[in-house]
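Novice: Have a look; sequence and predicted model below, questions after that.
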Amino acid sequence: MGLTGLFIDGIMIDWEGISPSSYLRDIEAISGMESIPLKAPVTFFVGENGTGKSTLLEAMAVSWGFNPEGGTVNYNFSTYDSHSELGEHVTLSRGASRPSRAYFYRAESFYNVATMEEEYRADRSGLYHHRSHGEGFLKLMDDELREGGLYLMDEPESALSPQRQLSLLADIHFTASRGAQFIIVTHSPILLGLPGADIISFDGPLKHVDYEDTESYRVTSLFMKDRERLLHSLLRDD
């Protein structure tokens, strides 16, 4: 790999190629941002809904060569074309080595990808759709996670209970410690607690933040520590 030991150690955006009227220019977190460094085996994108996290991750996936709906770089199908033009104007700074495995996971298109998994591989028939959403996802991760792999993941916690999120956290830690790289969009205060991860906030201009400074942690912590007062304030009749 490169000097950073990462497969992807930077993201560059060519704004000259993006239309002046594009909605992408209205996304505060990335508008005008030309270079975004990555510096850890696990990077989390965090922020409120609509702040551009998934948009940037999807653009990275397209730039790498993934199907926009997810899967490996060999997947070639489309059920709904919803990805933005950003992927055409993103360049990834790549390390010297190639990953042993690469996979792009999107929670919103898991059903479609799982279907294609079973169609592409006869030995996987029934492995995903005959399970619950969460169990199917964990089985998929068990099949795909490899030492030295590259994984882009969009809200992997969406189908998982807190206990299963802890299991996924352990799997990410184990695989990353053996040369894998993860770039993950998440709202999960459990996943965000992974030691050594770099957290990039999309709330306002992009910035690196500590775990305790994420809204996911703050809101969850407030709810757990003072649930009754918070609910009284939230649910009161004015």
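Specialist: Everything's here; your move. Numbering: from 1, shown residues only.
Novice: If you rank every helix and strand of the chain by mean pLDDT, what lands last?
Specialist: Least confident helix or strand, the chain: helix 110-120 with a mean of 60, by mean pLDDT, DSSP states H and E.
Novice: In the next helix or strand after that one, which of the residues would be classed as buried?
Specialist: Using DSSP states H and E, the helix or strand that follows helix 110-120 towards the C-terminus is helix 133-144. Residues of helix 133-144 classed as buried under the neighbour-count rule (16 or more other CB atoms under 10 Å) are 133-134, 136-141, 144. Quick note: C-beta positions are derived from backbone N, CA and C, even for glycine.
Novice: Stretch 23-31 now?
Specialist: 24, 27-30.
Novice: I'd like to know how far Leu92 sits from Pro162.
Specialist: According to CB to CB, to the nearest Å, Leu92 and Pro162 sit 33 Å apart.
Novice: What segments of the chain are helices?
Specialist: Ranges of helices within the chain are 53-64, 110-120, 133-144, 162-176, 215-225, 227-235, based on DSSP state H.
Novice: who touches the fifth one?
Specialist: It refers to helix 215-225. Helix 215-225 is contacted from outside by 46-48, 186-189, 192-193, 203, 211-212, 230, using CB atoms under 8 Å, 6 or more residues apart in numbering.
Novice: Mark which of those are buried, thanks.
Specialist: Looks like those have 46-47, 186-189, 192-193, 203, 211 buried, using 16+ other CB under 10 Å.
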